[in-house]
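Next come a sequence and a model predicted from it.
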Amino acid sequence: QVQLVESGGGLVKPGGSLRLSCAASGFTFSDYYMSWIRQAPGKGLEWVSYISTGGFTIYYADSVKGRFTISRDNAKNSLYLQMNSLRAEDTAVYYCARRYDSWGQGTLVTVSS
Amino acid sequence: DIVMTQTPLSSPVTLGQPASISCRSSQSLVHSDGNTYLSWLQQRPGQPPRLLIYKISNRFSGVPDRFSGSGAGTDFTLKISRVEAEDVGVYYCMQATQFMYTFGQGTKLEIK
C-alpha cells in the first residue's frame, strides 16, 4: 500500500532553516508528481510546492518563493523541502502528497524565538 | 489564483440523515485536456486529509458509496446519503486544474 512518511520538522528560530524529507513506498515513486501542502494550527490547507516526475518542472506558492526549494531523488524514493529564512507564519504541519490522492501523516514545523 | 468557496462552513447533522456541501470556484475548472480536476477531501480529527472524490464524481479506493460528488464548470456538491459517526470531521473541496492547488475553507461536519 502507498506509504508516505515525512520527517525533519521541529522548532527553529525566525530566519533559520530546516530540511524536510518524505520517504515513499508501495508505488513507483518516479511515475508520480509530488507536492508539499501545509496546514497552520487550526487552519485550512495551503499548497506549497509541486515537482514533476523527473524534477524538471517545479512550482511554488508566492508565500514561499525564493525561500523554499523542492527536490526529489527517484533512486531513493524520496522527496525533500529545503526551507530557508523561516518566518513565524511558516509554522504548520507539512504534508507530502502523491499528486493529491495520498498524503503522509505530516511533520510539524514551529518557527518561534 | 482560483478561489474556492464552500458553503456551509459548519453542518450539524443527525445520524442517518443526509448531508450536502457546496463548493464554487472563481473560474471554470475544466482543464485543456477536457477533465475537471475537482476533488473532495475528508480530514478526521487529528488525521491527515484523505481523498474521497476526484474529477467531480469518482470515488477513490475504499471510499464508501454513501459519498457522492456532482457538478460541472464552477459549481460542485458533495453529498453523504446517510451520515455515520465516523464521518465527523472537516471536508475540503480542492482544485487541481492548475498545479497551484487551491482549497476551500473547509466545512465542519458534526453530529447534532
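Okay, I see it. Residues are numbered from 1 along each chain as shown, chains lettered A, B, ... in the order given.

residues from chain A in reach of chain B?
Contact residues (CB under 8 Å from any CB of the partner chain) of chain A with chain B: A:35, A:37, A:44-47, A:50, A:59, A:61, A:95, A:99-106. Yep, even glycine has a C-beta here, placed from its N, CA and C like the rest.

cutoff 10 Å now
Within chain A, the positions adjacent to chain B are A:1-2, A:4, A:6, A:33, A:35, A:37, A:39, A:43-52, A:57-62, A:93, A:95, A:97-106 by CB under 10 Å from any CB of the partner chain.

Give me the residue at the spatial middle of chain B.
Here the mean C-alpha position of chain B is nearest to the C-alpha of residue B:40 (CA atoms, centre = their mean), at a distance of 3.0 Å.

Dump the worst-scoring helix or strand of chain B on mean pLDDT to PDB, keeping only the CA atoms.
Least confident element among the helices and strands of chain B, by mean pLDDT, DSSP states H and E: strand B:10-13 (a mean of 94). Only the C-alpha atoms of strand B:10-13 are listed here, as PDB (Å, rounded to 0.1, in the frame of the first residue of the first chain):
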ATOM      1  CA  SER B  10     -20.500  24.200   9.600                       C
ATOM      2  CA  SER B  11     -23.100  21.500   9.200                       C
ATOM      3  CA  PRO B  12     -24.700  19.800  12.200                       C
ATOM      4  CA  VAL B  13     -26.400  16.600  11.000                       C
END
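
Which stretches in the chain count as strands?
Because you didn't say which chain, this covers chain A. With strands called from DSSP state E, chain A shows them at A:3-7, A:10-12, A:18-25, A:34-39, A:45-51, A:58-60, A:68-73, A:78-83, A:92-98, A:102-103, A:107-111.

Switch to chain B, please.
B:4-7, B:10-13, B:19-25, B:38-43, B:50-54, B:58-59, B:67-72, B:75-80, B:89-95, B:102-103, B:107-111.

so what does the first one touch, helix or strand wise?
It stands for strand B:4-7. Secondary-structure packing of strand B:4-7 (3 or more CB pairs under 10 Å, 6 or more residues apart in numbering or on different chains; DSSP states H and E): strand B:19-25, strand B:75-80, strand B:89-95, strand B:102-103.

What count of nearby residues applies to residue 26?
Just going to use chain A. 12 (other CB atoms under 10 Å in any protein chain shown).

sorry, should have said chain B
Using other CB under 10 Å, residue B:26 is surrounded by 13 other residues.
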